[in-house]
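> Predicted model, plus sequence, below.
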Amino acid sequence: MKGGVTDSRISDCRIENIGLDAEYGGGIRLAWGSVRNQVSGNAIHNTGRGGIFGDHSAELVIRNNRVSGSDGGAWGSRSGAAAPARSSKTTSWTTG
């Protein structure tokens, strides 16, 4: 995969009130070729679309994040990656 962010870590951040009325208002997005990134220990509150997105990305490690008050749920992905049930508010998973 080319063009995305690789080998990064987003941890222990507080993200809130992002794009409440926006179609694409999300907390964290790793997209289009992002590989081997880690997202852990973040608190995401009040986003328009959802908490964490991993569109068309691989080998993402997402764990121990808290997502609340987001219209679209905790996880968003168009790549078909495995994810927890949308009702989950504490997120933990790894994509292949």
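Everything's here; your move.
> got the CA positions of the longest strand anywhere in the chain in PDB?
Ranked by number of residues, the top strand in the chain under DSSP state E is strand 61-68. C-alpha atoms of strand 61-68 as PDB (Å, rounded to 0.1, in the frame of the first residue of the first chain):
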ATOM      1  CA  VAL A  61      -3.600  -2.100  16.100                       C
ATOM      2  CA  ILE A  62      -6.500  -0.300  17.800                       C
ATOM      3  CA  ARG A  63      -6.800  -1.000  21.500                       C
ATOM      4  CA  ASN A  64      -8.100   0.500  24.800                       C
ATOM      5  CA  ASN A  65      -9.800   3.600  23.300                       C
ATOM      6  CA  ARG A  66     -13.000   5.100  24.600                       C
ATOM      7  CA  VAL A  67     -15.500   6.500  22.200                       C
ATOM      8  CA  SER A  68     -18.700   8.200  23.200                       C
END
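> Identify the residue nearest the residue nearest the centre of the chain in space, chain neighbours excluded?
Central residue of the chain (Cα atoms, centre = their mean): I52, 1.6 Å from the mean position. Distance criterion Cβ to Cβ, 6 or more residues apart in numbering; nearest residue to I52, sequence neighbours excluded, is I28 at 4.8 Å. For the C-beta atoms, the positions are set from N, CA and C on the backbone; glycine is no exception.
> correct me, but the one you found touches F53?
Yes: with contacts defined as Cβ atoms under 8 Å, I28 counts as touching F53 at a distance of 7.0 Å.
> thinking again about what came up before, which helices and strands sit right next to the strand or helix carrying the residue nearest to the centre of the chain?
I52 is part of strand 50-53, with elements assigned from DSSP states H and E. In terms of contacts (3 or more Cβ pairs under 8 Å, 6 or more residues apart in numbering; DSSP states H and E), strand 50-53 is packed against strand 26-29, strand 61-68, strand 75-76.
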